[in-house]
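K.L.:
sequence unknown, structure follows:
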């Protein structure tokens, strides 16, 4: 294959099998009525404020930017008029709670299911996350994203097909070893850098 990104590679394989030129398209994700009603309730009093979703979890520790830094980002975005929500899977609720505490309790961490995450992501203005499922889900739903990357290569596994900013230290190396501690390059990324990237994307939408 010629493509660098995994999506480009998958399209090339499918095109070869079909014998014709194919292009990536956004996938039709399911609509769950109960989850859609839930998402409307979460955003009931949002008004005209931009809604930003943070997803601080990751498949392993080396990819996980610290929760206290997500909290600092949430605090800054809230001060600039955003509603900030924190996503967490069933095993990541302690991380979400830490983000909320670090934000000074200005962020909110509703209880998510996959269906609820899809419904709420449809309604947000921006998603901030590492190389993890919710970031790729946001791309599938056409949402702008800020990607915080360390040991995985955003050229291969990064945001695709949407407005995005990727933050990654130039000395970070591709390494899928499941280390527990955050990768050294990841730790050089500051909350200020993430907020600046977020504000750029939010400015493009306004």
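P.N.:
That came through, no problem. Keep in mind the model is a prediction, meaning the values are calculated, not measured. Residues are numbered from 1 along each chain as shown.
K.L.:
pLDDT-wise, which helix or strand of this structure ranks last?
P.N.:
Least confident element among the helices and strands of the chain, by mean pLDDT, DSSP states H and E: helix 6-18 (a mean of 55).
K.L.:
next secondary structure after that one?
P.N.:
helix 33-42 (DSSP states H and E).
K.L.:
need the residues that contact that following helix.
P.N.:
Contacting residues not belonging to helix 33-42 are listed as 85, 108, 110, 113, 115, 116, 118, 119, 120, 122, 123 [CB atoms under 8 Å, 6 or more residues apart in numbering]. (Glycine included, C-beta is placed from N, CA and C.)
K.L.:
swap the cut-off to 7 Å and go again
P.N.:
110, 115, 116, 118, 119, 120, 123 (CB atoms under 7 Å, 6 or more residues apart in numbering).
K.L.:
against which helices or strands is the helix or strand hosting residue 99 packed?
P.N.:
Here residue 99, judged by DSSP H and E, is contained in helix 93-102. With contacts defined as 3 or more CB pairs under 7 Å, 6 or more residues apart in numbering; DSSP states H and E, helix 93-102 has these neighbours: helix 67-79, strand 83-86.
K.L.:
of all these, which one comes closest to residue 202?
P.N.:
helix 67-79 (8.6 Å; CB to CB).
K.L.:
quick one: that closest one to chain centroid distance?
P.N.:
In terms of CA atoms, centre = their mean, to the nearest Å, the centre of helix 67-79 is set 15 Å apart from its chain centre.
K.L.:
what's the average pLDDT for that helix?
P.N.:
The average pLDDT within helix 67-79 is 97.
K.L.:
can you point out the buried residues in it?
P.N.:
Buried residues in helix 67-79, defined by neighbour count with 16 or more other CB atoms under 10 Å: 67, 69, 70, 71, 72, 73, 74, 75, 76, 77, 78.
K.L.:
what angle sits between that helix and helix 93-102?
P.N.:
Relative orientation of helix 67-79 and helix 93-102, computed by axes from the mean of the first three to the mean of the last three CA atoms, to 10 degrees: 50 degrees.
K.L.:
now for helix 67-79, which elements pack on it?
P.N.:
strand 51-55, strand 83-86, helix 93-102, helix 191-205.
K.L.:
ok, 10 Å please
P.N.:
Applying 3 or more CB pairs under 10 Å, 6 or more residues apart in numbering; DSSP states H and E, we find helix 67-79 packed against strand 51-55, strand 83-86, helix 93-102, strand 126-129, strand 145-148, helix 191-205.
K.L.:
just the angle for it relative to strand 51-55, thanks.
P.N.:
Going by the same axes, to 10 degrees, helix 67-79 makes 180 degrees with strand 51-55.
K.L.:
re earlier: okay, the helices and strands packed on helix 67-79 in JSON lines with mean neighbour count and mean pLDDT next?
P.N.:
Below are the helices and strands packed on helix 67-79 laid out as JSON lines (neighbours: other CB atoms under 10 Å; pLDDT from 0 to 100):
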{"stretch": "strand 51-55", "mean neighbour count": "25", "mean pLDDT": "98"}
{"stretch": "strand 83-86", "mean neighbour count": "26", "mean pLDDT": "98"}
{"stretch": "helix 93-102", "mean neighbour count": "19", "mean pLDDT": "96"}
{"stretch": "strand 126-129", "mean neighbour count": "28", "mean pLDDT": "97"}
{"stretch": "strand 145-148", "mean neighbour count": "28", "mean pLDDT": "96"}
{"stretch": "helix 191-205", "mean neighbour count": "17", "mean pLDDT": "93"}
